[in-house]
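Engineer: coordinates only, sequence not included:
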């Protein structure tokens, strides 16, 4: 965000008006009186009508891929929550597959057979910040955005 808080509320303002994927013609192009588009997608996963996970991320158009990859790692592959949050991510952007370091070589080879791939030299805020909480007093803080988990 922009680092500004609404006085007396503790609420930090968002900077999504400057996101070129939401407003390609600039923030001034949003018509008056209409709801502004957003990529924000805080999510609850339910199991047997009970909350099984709460997850959210910053990261503009990478929010959806960050959240999807963390959820899949936990639900489909049984990866512990912090490990799932820290796992390397991929994101299709424009005409290029963006890839964090640490993806297995066989996965990189498979991607490179089909698409142009840009491998980043380090994990990066670009790939979102998927902070995750499980009701069994576990959570994952994303190091890409300075996240941490503390049980009180």
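Structural biologist: Received the coordinates, thanks. None of the values given here were measured: they were computed from a predicted structure.

Engineer: the residue nearest to residue 54 when sequence neighbours are not counted pairs with what?
Structural biologist: In this structure, residue 54 finds its nearest non-sequential neighbour in residue 133, 4.7 Å apart by Cβ to Cβ, 6 or more residues apart in numbering. Heads up, the C-betas are built off the backbone N, CA and C, glycines and all. In this entry, residue 133 is beta-bridged to residue 54, residue 139, by DSSP bridges.

Engineer: wait, residue 125 sits on residue 144?
Structural biologist: Yes. Counting by Cβ atoms under 8 Å, residue 144 is a contact partner of residue 125 at 5.2 Å.

Engineer: neighbour-wise, which of the two wins?
Structural biologist: Neighbour count, other Cβ atoms under 10 Å: between residue 125 and residue 144, residue 144 has more, with 24 against 14.

Engineer: shouldn't the more buried one be within a helix?
Structural biologist: Yes. Residue 144 forms part of a helix when assessed by DSSP: H, G, I helix; E, B strand; the rest coil.

Engineer: quick one, what contacts it?
Structural biologist: Counting by Cβ atoms under 8 Å, 6 or more residues apart in numbering, residue 144 touches 123-125, 127-129.

Engineer: separate out the buried members of those.
Structural biologist: For the contacts of residue 144, a burial check counting by 16 or more other Cβ atoms under 10 Å picks out 123, 127-129.

Engineer: could you list the low-pLDDT ranges of the protein?
Structural biologist: Scanning the chain for pLDDT under 70 picks out 1-3, 14-24, 26-30, 36-38.

Engineer: domain-wise, how is it divided?
Structural biologist: 1-34, 39-145 (automatic domain parsing).

Engineer: from those domains, which stretch is densest packed?
Structural biologist: Per-stretch averages of neighbours, counted by mean count of other Cβ atoms under 10 Å, single out domain 39-145 among the domains of the chain, with a mean of 16.

Engineer: is residue 101 in a helix, a strand, or coil?
Structural biologist: coil.

Engineer: surely it touches residue 88?
Structural biologist: Yes. Counting by Cβ under 8 Å, residue 101 touches residue 88, with 6.5 Å between them.

Engineer: between those two, what contacts are shared?
Structural biologist: residue 123.

Engineer: in this structure, which spans are helices?
Structural biologist: Counting by DSSP state H, the chain has helices at residues 63-75, 81-86, 105-114.
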